[in-house]
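Asker: What follows is a predicted protein model with its sequence.
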Amino acid sequence: MNEDDEKRFLVTVIKDLLGLCENKRGKDNKAIIASNIMYVVGQYPRFLRAHWKFLKTVVNKNFEFMHELHPGVRDMACDTFLKISQKCKRKFVVLQTQERAPFIEELLQNLPTHIADLESHQVQTYYEGVGHMVSAQTDSGQCQMLMQHLMRGPNESWKHIMASAGRKFWGQGGVGGVGGVGGVGGVGSVALWCVYGGLTLLFYFLLFSCR
């Protein structure tokens, strides 16, 4: 499908789904239809790359769906976010027309809010998506700065876990019962893998964890 046909097809489908959303009653029905719209647009990265404002709207809407309680919607939002991040990653780290800063900076500032209602596997998907965005930053200094910001949350959790492990070890003779290591390690590793690759993954994970 050429670009013009793709654009006409996508606009038609979105208009039909929006019309269906207006005619349906009930928050659950509207959430399902709206999530379908997000899924559909996520399948056409070429269109998204060519229309920055639309791309930004879609991503911000995905962030809203990450708080939706209807079953499956948050999974859809995280999966769509990952797919868009993989296919459009460069768009998020360069300054777009009429924007004050690259989108990645706004995203990192709001990261705690975005993931507040996500389950652990969804948080890992989110971090993987952001890792793909960061990997598109060609300036090594900027890339490292973005990674430090991205890893701030996991690092704080890691320090808390290690402190708790130390107290349990010295107080009870072992570290049994200390939870969260797998989750924090998983979040950190998926993001670092996207940016640095497998060979240097361990080095950078230790580097950021010790800061």
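Answerer: Perfect, I can see it now. Numbering: from 1, shown residues only.

Asker: so what's residue 50 closest to, chain neighbours aside?
Answerer: Leaving aside its chain neighbours, residue 50 sits nearest to residue 3 (7.6 Å; criterion: C-beta to C-beta, 6 or more residues apart in numbering). The way it works is simple: take the backbone N, C-alpha and C, and place the C-beta from them, glycine included.

Asker: ok, that neighbour to residue 44 distance?
Answerer: Distance, residue 3 to residue 44, by C-beta to C-beta, to the nearest Å: 10 Å.

Asker: So between these two, which is more surrounded?
Answerer: The neighbour comparison of residue 3 against residue 44 (other C-beta atoms under 10 Å) goes to residue 44, with 18 against 11.

Asker: what residue ranges in this protein score low on pLDDT?
Answerer: Within the chain, the set of residues satisfying pLDDT under 70 comprises 157-211.

Asker: Domain parsing of this structure, as residue ranges.
Answerer: Residue ranges for the domains of the chain, per automatic domain parsing: 3-150, 153-211.

Asker: Go ahead and flag the most central residue of the chain.
Answerer: Centroid check for the chain by C-alpha atoms, centre = their mean gives residue 126 as the closest residue, at 2.9 Å.

Asker: Which strand or helix spans that residue?
Answerer: helix 120-135 (DSSP states H and E).

Asker: Output that helix as PDB - backbone C-alpha positions only.
Answerer: C-alpha atoms of helix 120-135 as PDB (Å, rounded to 0.1, in the frame of the first residue of the first chain):
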ATOM      1  CA  SER A 120       5.300  -5.300  36.900                       C
ATOM      2  CA  HIS A 121       5.300  -6.800  33.400                       C
ATOM      3  CA  GLN A 122       3.700  -3.700  32.000                       C
ATOM      4  CA  VAL A 123       6.300  -1.500  33.600                       C
ATOM      5  CA  GLN A 124       9.000  -3.600  32.000                       C
ATOM      6  CA  THR A 125       7.300  -3.100  28.600                       C
ATOM      7  CA  TYR A 126       7.100   0.600  29.200                       C
ATOM      8  CA  TYR A 127      10.800   0.800  30.100                       C
ATOM      9  CA  GLU A 128      11.700  -1.200  27.100                       C
ATOM     10  CA  GLY A 129       9.900   1.300  24.900                       C
ATOM     11  CA  VAL A 130      11.600   4.300  26.500                       C
ATOM     12  CA  GLY A 131      14.900   2.400  26.100                       C
ATOM     13  CA  HIS A 132      14.400   2.200  22.400                       C
ATOM     14  CA  MET A 133      13.700   6.000  22.300                       C
ATOM     15  CA  VAL A 134      16.900   6.700  24.200                       C
ATOM     16  CA  SER A 135      18.900   4.500  21.800                       C
END
